[in-house]
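> Requesting a structural model of the entry that follows:
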Amino acid sequence: MKASLEYSEGSLYGLFNNGAYGQAGAVEDLTREAISLQFETNVVGTMELTNLAIPVMRQNDGGRIIFNSSILGFIALKFRGAYTASKYAIEGFADTLRLELRGTNIATSLIEPGPIATKFRVNSYKMYQKYIDRDSSRFRQEYLNSEKRLLKKGAAVPFTLPASAITPKVIHALESRRPKPRYYVTKPTYTLGYMKRILSNRQLDKLLLKVSDS
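Residues are numbered from 1 along each chain as shown. Predicted structure coming up:
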């Protein structure tokens, strides 16, 4: 952090936390090593960097901290347990931080995108190959089906947007006098966010099982 601040003459206004990957695999197939690495990357690293930034922002009397979360920060899908847990953790961290920073000029926001066209699936497949023993799992057939999605060229699911779709939300979080605590991106995020509010847990589970298997 100190070396980075040399480029900005000791000042820091905005931090966009976007360091993460998705560990695919059923919960019961995840090793301790796979889970630990997922949280070290997606949660611990983000928390550590944020904690380094806060004193600088306090000294400069203001700043914006933005967390790139996910639709999986508030709903769960099959075979994304480690990633979902890490994003739920980031959401809890951001919500707590927002309360603790109340009364300062430092604001926090969460970006919650659905499917975005990036190398996310490519990286996820690499970690899936490294940590999941497909052929020894009771989910072998379902893994084979999931591999088709992970290896599919182009958009794997409908309503996928380019990474630039997030840009207006980030700019608003940085520049608005009253940034939002949460920003939805992509139609699935809006739809499932609404469904989570109106459906019972059992109804939502039925819907999420269909989404998981699609």
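
> In the chain, which helix is the longest?
The single longest helix within the chain, with elements called by DSSP state H, is helix 81-100.

> buried stuff in it?
81-91, 93-94, 97-98 (16 or more other Cβ atoms under 10 Å). All C-beta spots, glycine's among them, are computed from the backbone N, C-alpha and C.

> Now do that helix, average pLDDT.
For helix 81-100, mean pLDDT is 98.

> which element follows that helix toward the C-terminus?
Using DSSP states H and E, the helix or strand that follows helix 81-100 in sequence is strand 106-113.

> by contact count, what packs against that next one?
helix 45-59, strand 63-68, helix 81-100, helix 167-175, strand 182-185, helix 187-198 (3 or more Cβ pairs under 8 Å, 6 or more residues apart in numbering; DSSP states H and E).

> and the angle from it to helix 81-100?
Per axes from the mean of the first three to the mean of the last three Cα atoms, to 10 degrees, the angle that strand 106-113 makes with helix 81-100 is 150 degrees.

> Pipe the helices and strands packed on strand 106-113 into JSON lines and attach distance to residue 74 per row.
Formatted as JSON lines, those follow (distance: least, Cβ to Cβ, whole Å):
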{"stretch": "helix 45-59", "distance to residue 74": "17"}
{"stretch": "strand 63-68", "distance to residue 74": "13"}
{"stretch": "helix 81-100", "distance to residue 74": "7"}
{"stretch": "helix 167-175", "distance to residue 74": "16"}
{"stretch": "strand 182-185", "distance to residue 74": "9"}
{"stretch": "helix 187-198", "distance to residue 74": "7"}
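
> Out of these, flag the one nearest residue 116.
Smallest distance to residue 116 across those (Cβ to Cβ): 7.5 Å, for strand 182-185.

> got the contact list for the closest one?
Defining contact as Cβ atoms under 8 Å, 6 or more residues apart in numbering, one finds that strand 182-185 is touched by 109-114, 116, 161, 165-166, 169, 172-173, 190, 193.

> Please put the alpha-carbon coordinates of that strand into CSV.
C-alpha atoms of strand 182-185 as CSV (Å, rounded to 0.1, in the frame of the first residue of the first chain):
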residue,chain,number,x,y,z
ARG,A,182,-26.0,-2.0,-3.2
TYR,A,183,-26.0,-1.8,-7.0
TYR,A,184,-27.7,-4.6,-9.0
VAL,A,185,-26.3,-5.4,-12.5
